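Trainee: build the 3D model from these lines:
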Amino acid sequence: MISIIIPCHNIVGYLEACLNSCLLQTHKNIEIIVLNDGSEDETEEIINHYALLDKRIVPIHKHNEGVAKTRQIGVEKASGEYIFFLDGDDYLPLNAIEILANEMSNSNADMVIGQGLEEIKIGYDIVKTVNNEQLTGRQLINKILTDRFFGIWGILYKRSLFDEQINFHCDLKNGEDAVLLMQLANKSKLVQCTNKIIYFYRNRKTSVTKEPTDQNFLDSIKCRFMVENYAIDYGFNKDKDFELGSFVCASLTFMILNKNFNKIDESTKILIKEKIRNYLLSNPDFRSFYSKNFHKNYSRLFFFYHFPFINESMFQKIYKILF
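Mentor: Numbering: from 1, shown residues only. Below is the predicted model:
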């Protein structure tokens, strides 16, 4: 059986489409664990109504604790051999679970990753580029680092991956997907990928994680440092593995360009400068690689390290003159 875990928080305008897409799946051996994370709209009533319509729906109502904790509770309640995460404002093609189940059966992989599409004003756009291939866990981590492949949705997991030493990092309100996926990738020996479409994603501007709050920005910094630390724990070398260095430098660039950057504490700013020195300035081979392939970001980090008083507007003028 496959357990579909759906965290929900104030998504009354989207939830019915999500649940309908689950109930109409061509693969019938599923349970649908729908977790109401302290919604203040009619989400609870919709979940209860659908639970009466189909016994495969398992309703759980609780106070608001965030999506990471909600997913953790969903996994703990799951009865299936396989886990699939679906956000309550997204939905599935009707054969999505069948595609993933067949790929899992044929490959005996630890994870099966499918193609996701983003719903836009007219039609759809690719949000996850997935090829027909098999990866090792380390190769998937490479993909996470180089392609910013962070989402845990659109993936079928063996339940056994969650049995030991998985930290959902429930304190994070932003970026929790990436740190969870890093751990699951490290535990995976084989990852099967298919370019068949198995997920429809809605990029809602009103989503809690999209709000430009100080907390979301600070969590996005924290999660990037966690991804870096997990990669090092899993054997990546900051001097030799340029995928890791590129990820760290791209993350540092994101931080210093963010409008909330001046709100972070001085110790974090010092840590950023230390990472610029350790990854970029003290490693001639990587510095040459990054300068050649990402020259503008390289220059931003160089200027921030040596001339932190230069803001982005000043940098753009200087860069235009110099290059």
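
Trainee: domain ranges for this protein, per the record?
Mentor: Per automatic domain parsing, the domain ranges recorded for the chain read 2-209, 237-322.

Trainee: how about those domains in JSON lines, adding mean pLDDT?
Mentor: Shown next, in JSON lines, are these (pLDDT from 0 to 100):
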{"stretch": "domain 2-209", "mean pLDDT": "94"}
{"stretch": "domain 237-322", "mean pLDDT": "94"}
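
Trainee: which one of these lies closest to residue 231?
Mentor: Nearest of these to residue 231, taken as Cβ to Cβ: domain 237-322 at 5.2 Å. (C-beta placed from N, C-alpha, C; glycine too.)

Trainee: that closest one: end-to-end distance?
Mentor: 33 Å (Cα to Cα, to the nearest Å).

Trainee: distance between it and the chain's centre?
Mentor: Centroid displacement of domain 237-322 relative to its chain, using Cα atoms, centre = their mean, to the nearest Å, is 23 Å.

Trainee: do stretch 182-190 as well
Mentor: For stretch 182-190, the distance to the chain centre is 14 Å (Cα atoms, centre = their mean).

Trainee: got the contact list for it?
Mentor: Here stretch 182-190 makes contact (Cβ atoms under 8 Å, 6 or more residues apart in numbering) with 107-111, 134-138, 140-141, 144, 152, 157, 161-162, 165-167, 191, 226-227, 230-231, 234.

Trainee: the same query, at a cut-off of 6 Å, please.
Mentor: 109-111, 137, 140-141, 161, 166, 227, 230, 234 (Cβ atoms under 6 Å, 6 or more residues apart in numbering).

Trainee: likewise stretch 300-315?
Mentor: Contact with stretch 300-315 is made by 253, 256, 273, 276, 280, as judged by Cβ under 6 Å, 6+ apart.

Trainee: ok, now which ones touch residue 116?
Mentor: Contacts of residue 116 by Cβ under 6 Å, 6+ apart are 127-128, 154, 199, 201.

Trainee: phi, psi for residue 168 please.
Mentor: Torsion angles at residue 168 (phi, psi; degrees, to the nearest 10) stand at phi -80, psi -10.

Trainee: residues in contact with it?
Mentor: With Cβ under 6 Å, 6+ apart, residue 168 has these contacts: 68, 72.

Trainee: deepest of the domains of the chain, which one?
Mentor: domain 2-209 (a mean of 18; mean count of other Cβ atoms under 10 Å).

Trainee: strands of the stretch 1-150 of the chain, residue ranges please.
Mentor: Secondary structure of the stretch 1-150 of the chain (DSSP state E, counting those that start in this stretch): strands at 2-8, 30-37, 57-62, 82-85, 111-119, 124-128, 133-135.

Trainee: again, but for the stretch 151-300 of the chain
Mentor: Counting by DSSP E, counting those that start in this stretch, the strands of the stretch 151-300 of the chain are 155-158, 191-201.

Trainee: I'd like those laid out as TSV, including distance to residue 247.
Mentor: What follows is these, written out as TSV (distance: least, Cβ to Cβ, whole Å):
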stretch	distance to residue 247
strand 155-158	20
strand 191-201	19
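
Trainee: tell me which of those strands sits nearest to residue 35.
Mentor: Closest among the strands of the stretch 151-300 of the chain, using Cβ to Cβ: strand 155-158, at 17.1 Å.

Trainee: for that closest one, which strands pair with it and how are they oriented?
Mentor: strand 82-85 (antiparallel), strand 111-119 (antiparallel) (DSSP bridges).

Trainee: please state the offset of the first one from the chain centre?
Mentor: Between the mean C-alpha point of strand 82-85 and the mean C-alpha point of its chain there is a distance of 15 Å (Cα atoms, centre = their mean).

Trainee: for it, C-alpha coordinates in CSV please.
Mentor: Extracted as CSV, the C-alpha positions of strand 82-85 are listed here (Å, rounded to 0.1, in the frame of the first residue of the first chain):
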residue,chain,number,x,y,z
TYR,A,82,5.7,3.5,0.5
ILE,A,83,5.3,7.2,1.3
PHE,A,84,4.3,10.0,-1.1
PHE,A,85,4.1,13.7,-0.1
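
Trainee: coming back round to it: nearest to residue 5, of the contacts of residue 116?
Mentor: Nearest member of the contacts of residue 116 to residue 5, counting by Cβ to Cβ, is residue 154, at 13.1 Å.

Trainee: phi, psi of the closest residue to residue 89 other than its chain neighbours?
Mentor: Excluding the flanking residues, the one nearest residue 89 by Cβ to Cβ, 6 or more residues apart in numbering is residue 14, at 3.9 Å. Backbone torsions for residue 14, taken as degrees, to the nearest 10, come to phi -130, psi -20.

Trainee: ends of stretch 124-138, how far apart?
Mentor: OK, stretch 124-138 end separation, Cα to Cα: 30 Å.

Trainee: list the contacts of it.
Mentor: In contact with stretch 124-138 (Cβ under 6 Å, 6+ apart) are residues 113, 115-118, 185-186, 188, 191-195, 201.
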